[in-house]
Structures are given as structure tokens and as C-alpha cells.
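> Sequence first, predicted coordinates after that:
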There are 2 protein chains.
Amino acid sequence: MKDRSQQQGITQALAAFAVQQDAQDIPQEVMAVMRLSLLDWIVVGCAGRDEPVAASVRALARDEGGAAQAHALGMAQRVPARMAALVNGTVSHALDYDDTHFAHIGHPSVAVVPAALAMAERIGASGPEFQAAALIGCEASVRVGLWLGRGHYQAGFHQTATAGAFGAGLAAGRLLRLDPAQMADVLGLLATRASGLKSQFGSMAKPFNAGIAAANGVEAALLVHYGLQPRRDALEVAQGFGVTHHGAADHAALDGLGTDWHFDRVSHKFHACCHGLHAALEALKSLGAVRPDAVARIRVSTHPRWLSVCNITSPTTGLQSKFSYAQVMAMHLLGHDTARLDSYTDALCADTGVAALRQRVEVTGDDTIPETASRVTLVLDDGSDCRAEHDLAHALPLEQRRAKVLAKAESLLGEDRVACLSALIGDGAAPGLIGAALI
Amino acid sequence: MKDRSQQQGITQALAAFAVQQDAQDIPQEVMAVMRLSLLDWIVVGCAGRDEPVAASVRALARDEGGAAQAHALGMAQRVPARMAALVNGTVSHALDYDDTHFAHIGHPSVAVVPAALAMAERIGASGPEFQAAALIGCEASVRVGLWLGRGHYQAGFHQTATAGAFGAGLAAGRLLRLDPAQMADVLGLLATRASGLKSQFGSMAKPFNAGIAAANGVEAALLVHYGLQPRRDALEVAQGFGVTHHGAADHAALDGLGTDWHFDRVSHKFHACCHGLHAALEALKSLGAVRPDAVARIRVSTHPRWLSVCNITSPTTGLQSKFSYAQVMAMHLLGHDTARLDSYTDALCADTGVAALRQRVEVTGDDTIPETASRVTLVLDDGSDCRAEHDLAHALPLEQRRAKVLAKAESLLGEDRVACLSALIGDGAAPGLIGAALI
């Protein structure tokens, strides 16, 4: 029998999914990964609270003021839900340390969770309702991203912002208890509102892209709730969002919607640097402890796309070091914690020990290696070598993933705070309590 | 000598224009047309205050509340500037009775004036400062639209929303007294924020597109003021807004920036129907009074693009009648005022006299006729005929235009109210007084 979603347009399929998906039918393991992402999202959001872009969006929030509906990162006063989504989306992406989904290359949580949390706080939803809406929105954003396809990303659009807005709108709309027709209207309205360019990478507007996705989602859900009726199928119609934004309209993206889940293959970041470096770091770590002065060569093989992204051979600044295979390999071998934000400094770039080891790193492109993988070969002074490969696409077993997410969280926020946050999320605490953890 | 703007990218050229253009150097005639557009904008905004989409955006504004910075159409309480821009942009475009610039096919005033007015109210700018910023923003939006080119529009983007956002941002930024580098940042930030699809035409999201352009402009100017630094040249960079949005990057669009003006060729609507019908109505009107029962045939020749836009031969609803050559030709000949909103009714579609005359209208496409023109031939029962042609691209002499704008305004809002508004605008009244006229 043909999948139900195969007989519908993407708007109808996603609207039905977002309204009708029973929270009870969500597999436990998928929900468990979502809870890890919620914890991780709060942690990276709090850790990024003092980034410059955070000050800018909070200044706008203070300038406007308004109804005390939802909490925003670093603000004692609650703000309107749409503004909370804008601030929290932006601030939680400021460090670029949040989760990534490699299926469509986007950051689901920073676009969707802020919309779900703001709306959940605004309407007083329960903790489980909030968590289910966040998951359904994240799953939908990955599906929209797959439907738009790689061409959309390659043309210059930032999937986090574009696909993310649709997921954010569905999460917010589910919490507002919109019906399927209204939910389709949310998607139709977002088709004329969603935006975000990759050319902002490297600037403060990259995290802002996540904020606008979240805010657009809240705005669209509220406007439809208040009676605004857009063209409903504007995502897939001729001259709709898909076609105008170089989308492939790949209907296979909807396969198994509501039964098979994509979200739980999300990848959490365990190193505070470019995601392109993570597979190589994991491969190196898997080789265990090595005496740095015994290392003659460190050979890294990676997909060629990363060579233009994160292969700065002699970084001089902390920021540059986050885009350098040579630097992070040397850092790990010398015992500098690549998970910590304060490990990436100008001083460590100039460190003679690091610089000497950095020169022994050789990076080569190999297009037989997946984009999500790297291979590392250590050649020792005695001529022996050892080799390991790691692919981020292979999701970690849940317990291992949980341990790593917790370790990262504790290194960023401390054990006590993380214990408290974990308990809130694990207990399905009210969204207002989660929100209060952001201030 | 090469034009200065020829040696700069569009971002640098527009930023310099918006900051450095001396209000004293703006030709009087151009400013006079801007003042007519301001009056016309307030009039169509007030006339559209009770449209359904207006209720939706005002509900969002009430939901959020916030700082009393600027007036919004139909609201007694002032709202934050960004929200005022969203409401006023949307509501003033709700009737689709506002001005159109045919150079790039966009509605400049509904995108730019709300941003300029909201920011002017927020910072307490003077009336002349507000008017100059509105004009400079409108001019810039036309220039961006020309730079993007016809392909951008044909691909499915709504220039009112896309080009409009950049103009709105420049108007708001000028009032905030941003410097040229900050103004370039405003454009860079809007490159990742601007959006709007033509596939929303015929729905409530069409006017919303104008609202988002205005709100985006205010938001970008404020965020840059508060320190947000985006990629500055994201309008023209590789994978910037232009390329990703099917833009032509036609640098000739900047010719004469600051010396020659495009805005004053803006076209005001004097009939409450699709702009595609206006040239034919003007041509018919120029033939003077005719006894309807003496008319055997009404031949309309128009550019073929309009045949799929506004050639409903037997309309049955008021809305359909706004997209029908046959209906509006018959209406005019029978003395129904095509300027009035309440002339377009279901009842008049069913009127036997109108229906009989409608059947005598023949519409043909002729691609030798400009998009802005139509030719009308009246064939009388005695076999004689008379013919007239009208091209909206030929701007009316200022006095004639003023008389027509005032007549339209009075038919919509009444003489007393229009006299008051005209005096406020003519005197360069404070933006707060202009804003108060919207409530």
C-alpha cells in the first residue's frame, strides 16, 4: 500500500503530521534523543549568553518591551513569545556549538526549540506537550530540508533558517492547537516569510538566521490563529517557496512520516570547533593516549569539501583555530580539551609545542570518504603506525551519547547546574521552569 | 567622467546615497510627488482599516503590546516601531489601492513609508526629516528593484516585499542617523531577512508582504544600531541575495543616483481595481461622455501579459469585477464610479444593463503596446468610431495629478478629513501628528 504521505502534497502531509501525531506513539528512544537535544540547547544557549550578537538582540527586545509571555536568554523580564523566539534562536546559535542534522545539513534545535518553548510558555502548555511539539517541529524541519534538497543549500540558502522556519511554525501551531487546515496556512504563510543566506557564515547574522526562523514560526502560527489566510500551498505551488528557492521538491523526503523518524540521527557537537573537524578528532581520540613527542606524522583524510572550510594550516587567532585540522589535532595530543570554549585562544596558536606538532599534520582530500567521516593515521618515530576512522553519521548508542552530552554540559555550566537542568527535562517540567533556567 | 555609483557595489552606493543625500538638493517637483504619495498612502490605509487582514495583524500587535513608540492604523494605543511598520504596511496594502512604480513593478509607498513613519515617530524626527527619508527609501527601493531586474519578478518574487525591504531599511537607518558603514550593514542584514512571493497574490498574505518589508527595514536598522554586524555586501556577493533570488545585478540601475530621480514617475491608482485595467479606463474616459445604448462595440487592445491577469469576461463577485476589462468598461459607460470601493459589488455584476454592455467588450492582446498602456476603440451603432490610447508611464502634470489624488482621497475619506491631512503634510507636520491620523 502506498504511504499516505505519498498521495498528498508536502503541505497537507506535514500539516496532518503536526496535528495528528499522537505523542504516545513516539518511540521512547527518539524522545530520549530529543531530551538530550533540549539539554544541549539550553547549555549552549546559556554558554553563549554574553556573545556580542546576544547583546544586540536583547537590546531590541528591551527597546520594544511588551507582554511578559516567555523567557529569553539573559533577560530577567519575560518578553512576547515572538521576541523570545528571536532572542533564544539567535543566542543559542551564537557559539555554533548546537546540534546538527547531516541529512539536510541544518541545525534543527536552534530554529525549532525556541519557537516551541516560547509558545509553550505563552499558553501554559505542559512539559510533555512542549517536548512533543519540539520533536515534531524538528522532525518536520529535517523533512522540509530533505524535500528542498542539497541544491537549495548549494545555491546559497541556510537550511537552518529556511527549513527551520517551517518546523518552528508547526511546533508553535501544534501548541496553539491549530487544526490541519490552519496548520497548512501556517506553512503557506511561512513560504512568503522564510529566509536566510549562507553568505552570512562567519558573521553575527549566521546565528541571527536561527533567530528569524524561530520568530517566523511563532509569528505565522499566531497570525493564522488570528485569522490571516495566505495561499495555503505556497510551499509547493508553481512559483512557490520550493521552486523560487532552488528546491528539488523531492517527495521521497516524506517517506515514513510519523512512523520512521529522522531526528534521532541528529549529531551533537562535542568539540567547540567547526563540525568538519569532529570526525577527525573522534578518530584520533579512539586511538587512545599517545606520547606527543613520539609522533612523527599525523595524516588526516577527509572529504574534499572540508578543505576549503576548516583547513587553516597555521592559525593565529582563537577563531581561526576552530577551523584548523592541524591545530585541533595538536591540541588533543597535548591534552588541551577541545570541548572547552576557552581552549581556543590566540596564545595557544602561538605556543611553540602546539606549533611544532601542528607542522606534523598532513591533511588530504579523499572523495571516497563520506562528508561526515574522517580517517586519521598516526605514524610514530619508530616507523610504526596506527589508524582509525570515524563517521558522525553513525549515531552513538544512547547511553554513550547521553554521557558525552552530560560531560560537555558539565564542562560548560558545571555539575550542579546540569544536574538541575537534567532533572527538569527528565521530569517533563513545565515550560515556564525551563524558561526560567535561561535568565 | 564615470558616475560615482559606477565604481561602487550597489551596497556601498545605496548606503552613501541614503546617508549623504542632502534634503535641500531634492528637486521640488520630486518632493511634491512624494507628498502626494504620503497623502494617498494615509488615505488608502485608513480606507482599508476594516479589511480582515487588518484585524489579524492588529490582534498580533495587541497580543504583544510593548513600548508606545508609533501609531498603527486603527489602534488607539501606540506600539513598538517594528510592529507599527508591520501593521501599517499590511493594512495600507489591503485594498491594493496604493501607488505602483512600473519601472520595477512594485508598490514603493506601502513598504517604505510605514518604516519611515514608525522610526520618525520613535525618535521624534521632524516632518521634513521624515518626508526626505521616505522619499530616499522609496527611490532606493525602485533602484534595488531595477538592479534585481524583471527576471526576479518573473521567477516569483514580489518586488514590493523584496526590493521594498531594502528601501525601508535605508529610510529607517537615515532617521536613526546611521553612518555609511552601518547603513551598508543594514543592507547586508536585510539580504538574509527580505522575503516575499507573488504566489500569495489573491490572498491576505499579499498585503502582509508589504508589512514584512516595512518591519524588516525597521528591525534591521535597529539591530545594526544595537551593534549587530552581518556580512556587509550580502546583497551582491557570490551566493548573496541577488544571485540566490534570480537577480540580474544590473548595475545600470544605479545610474544618476542622487541626481536623477525615478520615484516621481510613480503611478497613483485612481480606480479601485487591478492596475492592469487603469490605462484602458483612462483611455475610455478621455473619449468623453457617450450614450451607452449607442455603443455597439468596445474594443480594448492591451499588452498580452494582462490577459491572464485581469480579463475575467463574466465576473460574478465584487472581487472578480476588479479583474475584468469588460466589467469596468461597462461600469464607466453606465456612470458607476470606478474610483469608489463600494462600486465593485456582486449585485452590479448581476445587473442586466451592465451584463448587456459587458458582452459588447472585446479584449485583444497586442505586444506592440507597452505594459503600461491600452488602446480603446468605441464603435457606435451608426458605424462611426472613436479611439484613444493612454499610457500610465507618462506621468501626469503635477497639478493634474494633485487634483486626481485629492478627488480620490475625498471620495474615500470625505473633504474635511482630506483638507486636514493635506494641511498636515503640506506644513511638514511632526510625524507624531501624521501617525495620530491613522488611529
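Structure's in. What do you need?

> how about whatever residue of the stretch 251-400 of chain A ends up closest to chain B, phi and psi?
Residue nearest to chain B within the stretch 251-400 of chain A: A:S308 (13.0 Å; Cβ to the nearest Cβ). (C-beta placed from N, C-alpha, C; glycine too.) The phi/psi pair for A:S308 (degrees, to the nearest 10) reads phi -100, psi 0.

> Pull up the residues of the stretch 51-200 of chain A that are close to chain B.
A:52-53, A:55-57, A:59-60, A:63-67, A:80, A:82-83, A:155-158, A:161, A:188-189, A:191-200 (Cβ under 8 Å from any Cβ of the partner chain).

> Just the ones of these in helices?
A:52-53, A:55-57, A:59-60, A:63-64, A:82-83, A:155, A:161, A:188-189, A:191 (DSSP state H).

> Now list the buried members of these.
Neighbour counting with 16 or more other Cβ atoms under 10 Å in any protein chain shown marks A:53, A:56-57, A:59-60, A:63-64, A:82-83, A:155, A:161, A:188-189, A:191 as buried within these.

> residue boundaries of the strands in the stretch 251-400 of chain A?
A:295-302, A:361-365, A:373-380, A:385-391 (DSSP state E, counting those that start in this stretch).

> so can I have JSON lines of these showing mean neighbour count, distance to chain B and mean pLDDT?
Output for the strands of the stretch 251-400 of chain A, formatted as JSON lines (neighbours: other Cβ atoms under 10 Å in any protein chain shown; distance: least, Cβ to the nearest Cβ, whole Å; pLDDT from 0 to 100):
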{"stretch": "strand A:295-302", "mean neighbour count": "20", "distance to chain B": "23", "mean pLDDT": "97"}
{"stretch": "strand A:361-365", "mean neighbour count": "17", "distance to chain B": "22", "mean pLDDT": "98"}
{"stretch": "strand A:373-380", "mean neighbour count": "21", "distance to chain B": "26", "mean pLDDT": "97"}
{"stretch": "strand A:385-391", "mean neighbour count": "15", "distance to chain B": "28", "mean pLDDT": "96"}
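
> would JSON lines of those strands with distance to B:A252 be doable?
Output for these, formatted as JSON lines (distance: least, Cβ to Cβ, whole Å):
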{"stretch": "strand A:295-302", "distance to B:A252": "45"}
{"stretch": "strand A:361-365", "distance to B:A252": "42"}
{"stretch": "strand A:373-380", "distance to B:A252": "48"}
{"stretch": "strand A:385-391", "distance to B:A252": "51"}
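
> Now the two most distant members of the buried ones among the ones in helices among the residues of the stretch 51-200 of chain A next to chain B.
A:D63 and A:A155 (34.6 Å; Cβ to Cβ).

> In terms of residue numbering, what are the domains of chain A?
A:4-267+A:398-436, A:275-391 (automatic domain parsing).

> The last one spans what distance, first to last residue?
Domain A:275-391 has an end-to-end distance of 12 Å (Cα to Cα, to the nearest Å).

> next one: it to chain centre, how far?
23 Å (Cα atoms, centre = their mean, to the nearest Å).

> Could you do the first one as well?
The gap between the average C-alpha position of domain A:4-267+A:398-436 and the chain average comes to 9 Å, counting by Cα atoms, centre = their mean.

> low-confidence ranges in chain A?
Applying pLDDT under 70 to chain A picks out residues A:1-7.

> okay, which residue is most central for it?
A:H107 (2.6 Å; Cα atoms, centre = their mean).

> tell me the contacts of the closest residue to that residue other than its chain neighbours?
Spatial nearest neighbour of A:H107, chain neighbours left out: A:T160 (4.4 Å); criterion: Cβ to Cβ, 6 or more residues apart in numbering or on different chains. If a contact means Cβ atoms under 8 Å, 6 or more residues apart in numbering or on different chains, then A:T160 has A:93, A:106-108, A:110-111, A:196, A:209-210, A:213 as its contacts.
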